[in-house]
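>>> Can you look at this prediction? I've put the sequence above it.
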Amino acid sequence: MTTFIIFAGIIFFIAVFVAGIYNRLVSLRNRVKNAFAQIDVQLKRRYDLIPNLVETAKGYIKHERETLEAVIQARAQAVSSNQLAAANPADAGAMHSLMKSENALSQTLGRLFALSENYPDLKANATINQLMEELSSTENKISFARQAYNDMVMTYNNTREVFPNVFVANNFGFQPAALFEIENKMEKEPVKVTF
């Protein structure tokens, strides 16, 4: 009887220990999702500002239709990639696609901003200036949200990979989360949003 009680106690201790690890991993995975949701909010704000910026610029930059269309196309791709990543931020493929499309969007916006230097009337437009200020503020918020997300991903991945957590993580399907990184060195430069 004493052996049975000791054996039951050991089994109970192991079950409580595994449940504690499992609950910690669930909590961290949900925090990663929440951190991505904060990026998502700012990206959606950015996506909403871009059409207004393009529509306002259209009247001034009539001969630069290719650049305006590139901005709209890059925005559409970024929105699509963002929806996939928001559905599962732990999916490395979806995060890679989002990073790639966000980088492309930043590059096309950079081309639009560079073109504005050739159009003094556009630079003087109050609506454009206000949109640019909002876009600049949003870019800063995206940077802070990305940093918070990457910090949470690091915490989750570290917790998931240490012994003995790795056994629980692997047996219960806790996949590593992907960082939101900028791959191209040129793209690490901030977007210049001044007119």
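Looks like it came in fine. Treat the numbers as computed from the prediction; the structure is a model and nothing was measured. Numbers count the residues shown, from 1 in each chain.
>>> immediately after the least confident helix or strand in the chain by mean pLDDT, which helix or strand?
Every helix and strand in the chain was compared by mean pLDDT, DSSP states H and E; the lowest is helix 120-124, with a mean of 70. Downstream of helix 120-124, the next assigned helix or strand under DSSP states H and E is helix 126-161.
>>> tell me which residues in the helix or strand that that next one is followed by are buried?
Once the chain leaves helix 126-161, the next helix or strand it forms, by DSSP H and E, is helix 165-171. Across helix 165-171, burial judged by 16 or more other C-beta atoms under 10 Å covers 165, 168-169. All C-beta atoms are positioned from the backbone trio N, CA, C, and that covers glycine.
>>> thinking again about what came up before, what packs against the least confident helix or strand of the chain?
Contact partners of helix 120-124 among helices and strands, from 3 or more C-beta pairs under 8 Å, 6 or more residues apart in numbering; DSSP states H and E: none.
>>> Mind listing residues that contact it?
57, 60-61, 116-117, 128, 195 (C-beta atoms under 8 Å, 6 or more residues apart in numbering).
>>> residue contacts, the most centrally placed residue in the chain?
Here the mean C-alpha position of the chain is nearest to the C-alpha of residue 39 (C-alpha atoms, centre = their mean), at a distance of 4.9 Å. Residues in contact with residue 39, defined by C-beta under 8 Å, 6+ apart, are 142, 145-146, 149, 180.
>>> Most neighbours of all the residues you listed, which one?
residue 149 (25 neighbours; other C-beta atoms under 10 Å).
>>> Find the nearest non-adjacent residue to it, please.
Leaving aside its chain neighbours, residue 149 sits nearest to residue 35 (4.0 Å; criterion: C-beta to C-beta, 6 or more residues apart in numbering).
>>> Run through this structure and note the low-pLDDT ranges.
Applying pLDDT under 70 to the chain flags the ranges 62-63, 123, 183-195.
>>> just to revisit the earlier point, now the buried residues of helix 165-171 in a markdown table, with distance to residue 45?
Formatted as a markdown table, the buried residues of helix 165-171 follow (distance: C-beta to C-beta, whole Å):
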| residue | distance to residue 45 |
| --- | --- |
| 165 | 36 |
| 168 | 38 |
| 169 | 34 |
